[in-house]
Structure formats: C-alpha cells, structure tokens
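# requesting a structural model of the entry that follows:
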Amino acid sequence: MDESTPLLPDEAINPIPRNDLLERVPNKDIVDFDPHGDTENPMDWPKAYKWGIVALLAFMAFTVTFTCISVVPIANRIVDDLDHGQSTGSASILLVTIWELGEAAGPLFIAPLSEVFGRYPVMNAANVLFITFTMLAALSQSTSLIITARALTGLAVASNVLNPAIIGDMFISEERGAAMSIVQLAPLIGGSVGPAIAGAIAQTAGWRKTLWMAAALAAACEVVFLTCFRETYKVPILKRRAARMRKETGNPALRTEFDSMDAGHSWQVVWDSAMRPWIVLGSSFVLQMLSLFGSLVFAHFYIMSTTFPSILQERYDFTPAATGLAFITFSIGSLVSVMICNVFLDKIYIRLRNKHKGVGQPEYRLPLIIIGGTLFPISIALYGWSTELHLHIAVLLLAVILLGCFLMLSFLPLMAYVVDAFGIYSASSVTAVIVTRCLMGTFLPLATKPLVDKYGYGWGFTVLAAISVAMIPIPVVIFKYGHKWRQLSKYTRE
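Numbers count the residues shown, from 1 in each chain. I've put the predicted structure just below:
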C-alpha cells in the first residue's frame, strides 16, 4: 500500500529503439513536438490545468487508500455477518491482507501497458475495474466472494503505478517535487480518515455502506478522468499527430521515432517488463537481502491492522467508530518518520559523501534504516506486552505511534537506496521490492493468530520482535560491504 514510489518499466528510462528502416527516414519526416511551444505537448499545457490533474491524481490516491484501509476496523463484523458467526479468525485477516496480493500482480502489467497504449486508456480501464470490483465486494453474500473481490480490487489499482509517470509526463524535473509531495500526502490522509469514517458508518448504517461510499468516491474520480483528463504520454500523442499529418499532407513517409513498435513487439515489451523485476531480484544478493528486510518490516503494518481492532473492542470496549479513530495514531507515527526522512536523509548522504572526498555511494542512504530497524523490535514488543498486561490505553496507542514511526523509518530510505544503487534498472528493482512486500504482507499476518493463540500477545509478539532483531544486521552489513557486493551483479556494477 505504497503510492509514493514509481513502478515504471525500464523502457520508460531508455528511448524505444528505432528499426533500421526508420533510421533512414529523413529528419524532416520525423514528427515531434515543437521545441518553442506546443499545445499538444503535456509539458506546455497551462499550469492551472496541470495542477488540476495533480489534484485529481491525489484524490484518486486518497480514494484507493480509503478503500483499502476502510475495512480494517470492521473486518470481523463483515466476516461474522456473512458467515453468520461461524467464521474463522483467518478469514477476517485474509479479508484485509488479500488486497496486497492483488497489488503485487497489478504493477507488473499496468506500468508496461501504459507505456505501450498510453496513460489515458489504461488509467480509465483500471478505474472502471476498480469500481466494478468494489461494487462486487459491497454486494457479496459470502466471505469467499468478498475476499476474491478485494483481491481483484487491489489488482486494478493504477494510481500507485501511474501517478508518478503522469507527473513525469507533465512537469520538468525541477517542478516535480511539489507535485509528488501532494500525491504522496493523499494516501496518508486516506489511511488516517478511512478507518475512522468506516467505523462510524458501519456502526450506524452497516458495513456495506462503507464499500458503497468507496465505490461512489471512485466513480466521481472516474467521471472527471473521462471528461477532463487527457493523454500525457508522448508516444500515442505523437503517433496520432503523425497519422493526422499523413492524411492531411498525403506524405506516407511521416513517422515518429516510436513507430518501430508494432503490435507483436508491443506485447513483447509488456511481457519483458513484467519479468524483469524477477530477473533483477534473482541476480542481486543485495536486493534479495533488502527485499527480505523491507517485506518483513512492512508486513507488521498488516499484523497491526488485523490485531488492533479486536484488541480495542474486546479488551478496551471500543466501539467500531472509536476503533477506526484510533488508527490515526499509526498515521501520526508515519508522518513523523516522513518528516525525519525529509530533513535528514539527504543531509546524512551529503555529510558521508563529503567525508569520503566527495564520492557518493548508495550505502550512505542506510543510516536511518539502521536506526529504524534497531528500534523497531522495541515497538513490537511494547505493542504485545501492553495488550497482554492490559496496560492503560495510552501505552498501547503510544506503541502504535512508535510502530508507525520506526516501520516507515526502516522502509522509506530503503527505496532511496534501491533507486541510487540500480540506476537505469531502478524501476525493476523497486517493483521487486514492492511485490515481495505485498506477498509478505498477504501471508505473514495469517501466522500471527495461531502464534497469539498459543503464546498470548506478550510472548507471541516477542517472537515477532525477535525475528525483527535477527533482521537488524542486514542493513548494517550492506552499509559496510554493499559496495563490494554490488559489483557481483551486472545491474549494480559500477
């Protein structure tokens, strides 16, 4: 559930190669944007329109996170209602985590499809599917159907993949930071208010109304996408211009530099892009270790999400509305970690670079991960033992704040390291990290309930904390030996 990271295929970084025939086409027959200003060039669109698109992207990112997180505080109620009180604990857990399984598969194909067919058709098709599957979840009459619908809804999420790409299409690099910040902030807001709103609605009007509200928000976004959004990717824009000019001028030689992409090659690009993250992951020991570390750390978000509601409602007598409101504590911790990263991540990198004669290394991104990873087990143990000993609710909420802070502090700089270390292959490597994170987030929480049933919250979460302690050496040894290990892979070799 991470909308802040671009999951573009590496074809987005390197120009699509021309074929030999196209190489012989005179420059005057190559159709391109007018460098002095072009109304069809997304870079030259009016600022007000571009920022309107950014607002639309942010609203969709908010809606996606709202839809994902809103079922968390009411998952037990949904499963009990559908199974008439005969449900198992794993069903309510899977209802929450199965979304991640869909998100693991979606980025592998949505990004390359947008590179081949354009942002507009892929975004709109994905949004329509997202709305359809959300409505299917709202209409579900069985647990198995709603779990399937949630997985398909996660599969149809396009915003976390295409939002960074669309911003890159419209803004020069110096202007992208502010736009990306707005789009990154929206999911944090959705994750904060989603459970609170869902809990209140479920308590007063029933859980189905929560899903209908999510579908309505997504439908409102899609109406604006259909009517106001325009294609931002230059390849289909220029291809349409070339076709129009051939018809108007009668010159069949007019081409774009991308016309070597015939239909067969297009689908090969999609397939190659989908497979590349696994190839990069398999060839890099550093990426394998960091993916393991990052996925285990982030899986605790879903462990917390699937245990927190029952703890609050069964041990502290919280209502569904109050339970949803309590999830804001995790967002507070996450926001603190984002602020820490914004202030210190680049400063630490620059300081270490200056200490080493001005030579920068990706490993200089790791100190914050080491700090976060070292403190993270403390928050896990505090969460478990505050529940086991039935300490004051303030202690439990503090544990959730610390969990959010140390979790994100361990994960966010990891992405910066991967981008720095893998260069032109950063899209594939980031996708590998995201996909492994989604898979771990789907299945690891399923092991938590039997662990807690056998050992209780205190010792059960102590086991999870011990696993996290075992992960601490990973960023430490990569900080020390990562430069040497990176030379073993052609994707990170300097």
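
# where does the stretch 301-450 of the chain dip in pLDDT?
424, 426-427 (pLDDT under 70).

# make it 80
342, 415-416, 419, 423-428, 430-431 (pLDDT under 80).

# would you map the strands across it?
Taking DSSP state E, counting those that start in this stretch, the stretch 301-450 of the chain contains no strands at all.

# confidence score at the most far-flung residue of the chain relative to its centre?
Centroid-distance maximum for the chain: G250 at 46.5 Å, with Cα atoms, centre = their mean. Per-residue pLDDT puts G250 at 78.

# could you number the chain from 69 rather than 1 from now on?
Okay, residue one is now 69; in that scheme the one you just asked about reads as G318.

# ramachandran angles for it?
Main-chain torsions, G318, degrees, to the nearest 10: phi 70, psi 10.

# model confidence score at Y549, please.
For Y549, pLDDT reads 92.

# list the buried residues for the host helix or strand of it?
Taking DSSP states H and E as the definition, one finds Y549 inside helix 541-554. Neighbour-count burial for helix 541-554 flags I542, P543, I546, F547, G550, H551, W553, R554 (criterion: 16 or more other Cβ atoms under 10 Å). Using the backbone N, CA and C atoms, a C-beta is placed for each residue, glycine as well.

# equivalent analysis for stretch 519-532, please.
The neighbour-count criterion (16+ other Cβ under 10 Å) identifies L519, V520, Y525, G528, F529, T530, V531, L532 as the buried residues of stretch 519-532.

# next one: stretch 398-418
So for stretch 398-418, counting by 16+ other Cβ under 10 Å, buried means 398-399, 401-406, 408-409, 413, 416-417.

# which of these sits closest to F134?
S399 (12.5 Å; Cβ to Cβ).

# neighbours of the closest residue to A172 other than its chain neighbours, just the number please.
Spatial nearest neighbour of A172, excluding adjacent residues (Cβ to Cβ, 6 or more residues apart in numbering): C506 at 3.5 Å. Neighbour count for C506, taken as other Cβ atoms under 10 Å: 25.

# surely C506 and L169 touch.
Yes - counting by Cβ atoms under 8 Å, C506 touches L169, with 6.6 Å between them.

# so F398 makes contact with Y370?
No - under the criterion of Cβ under 8 Å, F398 is not in contact with Y370, lying 11.5 Å apart.

# now name the helix or strand holding H104.
Using DSSP H and E, no helix or strand contains H104.

# okay, now it: neighbour count?
Neighbourhood size, H104 [other Cβ under 10 Å]: 6.

# quick check on it: phi, psi?
Backbone torsions for H104, taken as degrees, to the nearest 10, come to phi -90, psi 0.

# what's the answer for the one 4 residues further on, then?
Main-chain dihedrals, E108, degrees, to the nearest 10: phi -90, psi -10.

# same question for the helix or strand harbouring T221, mean pLDDT?
Applying DSSP H and E as the criterion places T221 in helix 211-223. For helix 211-223, mean pLDDT is 93.

# helices and strands around the next helix or strand after that helix, which ones?
Following helix 211-223 in sequence order, the next helix or strand is helix 227-238 (DSSP H and E). Using 3 or more Cβ pairs under 8 Å, 6 or more residues apart in numbering; DSSP states H and E as the contact definition, the elements that helix 227-238 packs against are helix 115-137, helix 157-185, helix 187-207, helix 244-273.

# contacts for the shortest one?
So that's helix 187-207. 128, 132, 135, 174, 178, 181-182, 213-214, 217-218, 220-221, 223-226, 230, 233-234, 237, 276, 279-280, 282-283, 286-287, 289-290, 293-294, 297-301, 304 (Cβ atoms under 8 Å, 6 or more residues apart in numbering).

# which parts of it are buried?
Result for helix 187-207 [16+ other Cβ under 10 Å]: buried residues 187-188, 190-191, 194-206.

# likewise the longest one?
If you call a residue buried by 16+ other Cβ under 10 Å, then helix 244-273 has these buried ones: 247-248, 251-271.

# and that helix, what other elements does it pack with?
Using 3+ Cβ pairs under 8 Å, 6+ apart, the elements in contact with helix 244-273 are helix 115-137, helix 227-238, helix 275-296, helix 388-394, helix 396-423.
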